[in-house]
Structures are given as C-alpha cells and as structure tokens.
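Colleague: Need coordinates for the following:
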Amino acid sequence: MDGNNGVILLAEDDIDLNNANRRALELRRYTVYTALTLAEARERLNKTAPDIILLDVMLPDGDGFSFCQEIREKTQAHILFLTSRTEHEDMVRGLTAGGDDYISKPFHAKELLARVEAAMRRRRMDKVPVKSLSAGNLSLDTVSGQAYADGNDLMLTPKEFALLRLFLENEGSNMSNEVLYENVWKAPILNDVRALRRHISELRSKLNDSGCSHTVNVVYGKGYCFEKKI
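Modeller: Here you go, the predicted model:
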C-alpha cells in the first residue's frame, strides 16, 4: 500500500472544503491527491492507484455517478460519495453505480475520518489472500472476482460476486436484507431494498440459467438463503 496509512483521491470542487479535508486526512498520515474536476480526477487515476476515492456528486464537468460507472471496472478503490443530496433515489443510484458508501454534506471532519478509516480497514482485509470457495459445481475465484458453474464463467458484476461470496460463506443460513446490504454495499440499507432485490434477482437468474447446483431462495420474513437445489 502506497503512503503511510494509504492513498486517497479527493475529488471536490469547493476549494476551501477540498483543502480542509486534505489537511485533516494528511494529519492522519494518508497520502492525498486532490482534483477539482473530473478531468483532473481522470489524470490522477492514470498516475496512481488510490485505496479510497472521495467523490463529490456534482463537479463542474460532470456528475460523480456517471464517473463512478466509468471507472468502476478499472479500479478496486473504495468509492465514497460526498453529497448534499438526501433523496433515497439519489443514494441508491450512487450505490448501484458502483459506489461503496456516501456521506451527506455538511459533515464534520471526524465523521469523514471515521468513514475513511473503516474503509481502509476493509481494504487491508481484502488484500489478504484467501483460498477459492466452492459448493457443488460452483466455484469462486476470490482473487479475480469470477464465479464458475461447471467451469463456465457466470459473468457476474462486482456486486453480484460479492453477494454470491457472502451467500456461499453462509450456505444454509437465513440472511436478512439488512445484513446482506450492509456487508456488500458497506452502508445502511435506508429502508430501500430495491437495489438489493434487483441484484439478487439478476444473480439468481445467472445461477439458474447456468445449471448451477445451488440457488438463492427467498425465506419470507427472514430474507434469503443460499442452498442446494432440491
């Protein structure tokens, strides 16, 4: 990991806020690269691999949601949106675009630092090599983020793979919407389960279409359960 405690890309067009957040992060011994526009953020990403991207939703040359979709397949960085928006639709849009978390403005520097430190702990855990996982004719490559049924790639999205890995690690156990969402999206569910349901529905379709030996079943009132097909 570059830097002392990690590398952060901060994309925020408010110069005063940008500088204040940069100073607060640097005091915690993070290496911080800043950008005032998406163009500058792209340039930074071409030269460094941040552990965390703090991404303002509204920037002069575009919106953070679209930018997140653009870069999601190119970086494994934890993406945390900085937003003054409070509508659930906007929050869900950011998370389904590939974001991992968000923080609503105005926020205290202590809250931002706490979110960053929590994300960095997860990043360090993610970098610890783990063995591949399997169940029946299903196998997961936890390094590449790919899943196979009888050797055929299921072509899962990052969120679908994260859900499947969590399901497989808890095979046979009922898992609530809240637990699934918080473990995969790294954020509270906000009483809106539509994004979770959509991803699980797409994951189930891919599992069933591939002839996988296992599937995700709905357990009414309790959430979902990953188990072998009867």
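
Colleague: give the contact list for Glu202.
Modeller: Glu202 is in contact with Thr157, Glu160, counting by Cβ atoms under 8 Å, 6 or more residues apart in numbering. Glycine gets a C-beta too; all of them are placed from N, C-alpha and C.

Colleague: Flag every buried residue along the helix or strand where it lies.
Modeller: Following DSSP states H and E, one finds Glu202 within helix 194-209. Neighbour counts over helix 194-209 (16 or more other Cβ atoms under 10 Å) mark Ala195, Leu196, His199, Ile200, Leu203, Arg204, Lys206, Leu207 as buried.

Colleague: Quick one: low-confidence residue ranges for this protein.
Modeller: 1-4, 85-91, 93, 125-131, 191 (pLDDT under 70).

Colleague: Distance from the chain centre to the top helix by length along it, please.
Modeller: Counting by DSSP state H, the longest helix found in the chain is helix 109-126. Helix 109-126 sits 13 Å away from the centroid of its parent chain (Cα atoms, centre = their mean, to the nearest Å).

Colleague: May I have the residues that are in contact with the residue most central in space within the chain?
Modeller: Residue closest to the mean C-alpha point of the chain, counted by Cα atoms, centre = their mean, is Asp100 at 3.3 Å. Contacts for Asp100 (Cβ under 8 Å, 6+ apart) come out as His78, Ile79, Leu80, Ala119, Trp185, Lys186, Ala187.

Colleague: if I look at it, how far off is Glu202?
Modeller: Applying Cβ to Cβ, to the nearest Å, the value for Asp100 to Glu202 is 19 Å.

Colleague: cool, Leu45 as well?
Modeller: For Leu45, the distance to Glu202 (Cβ to Cβ) stands at 28 Å.

Colleague: before we move on, what about Gln76?
Modeller: Relative to Glu202, and taking Cβ to Cβ, Gln76 is found at 21 Å.

Colleague: Could you check how far the residue nearest to the centre of the chain is from Arg123?
Modeller: Counting by Cβ to Cβ, the gap from Asp100 to Arg123 is 10 Å.

Colleague: any residues in contact with both of the two?
Modeller: Shared contacts of Asp100 and Arg123, counting by Cβ under 8 Å, 6+ apart, come down to His78.

Colleague: on that earlier part again, quick one: contacts of the longest helix of the chain?
Modeller: If you take Cβ under 8 Å, 6+ apart as the criterion, helix 109-126 is touched by 1, 5-6, 8, 20-21, 24-25, 28, 30, 51-52, 54, 76, 78, 80, 100-101, 103, 186.

Colleague: From the residues you listed, list just the buried residues.
Modeller: Buried, going by 16+ other Cβ under 10 Å: 6, 8, 21, 24-25, 30, 51-52, 54, 78, 80, 100-101, 103, 186, out of these.

Colleague: Keep only those of the residues you listed that are in strands.
Modeller: Ile8, Ile52, Leu54, His78, Leu80, Asp101, Ile103 (DSSP state E).
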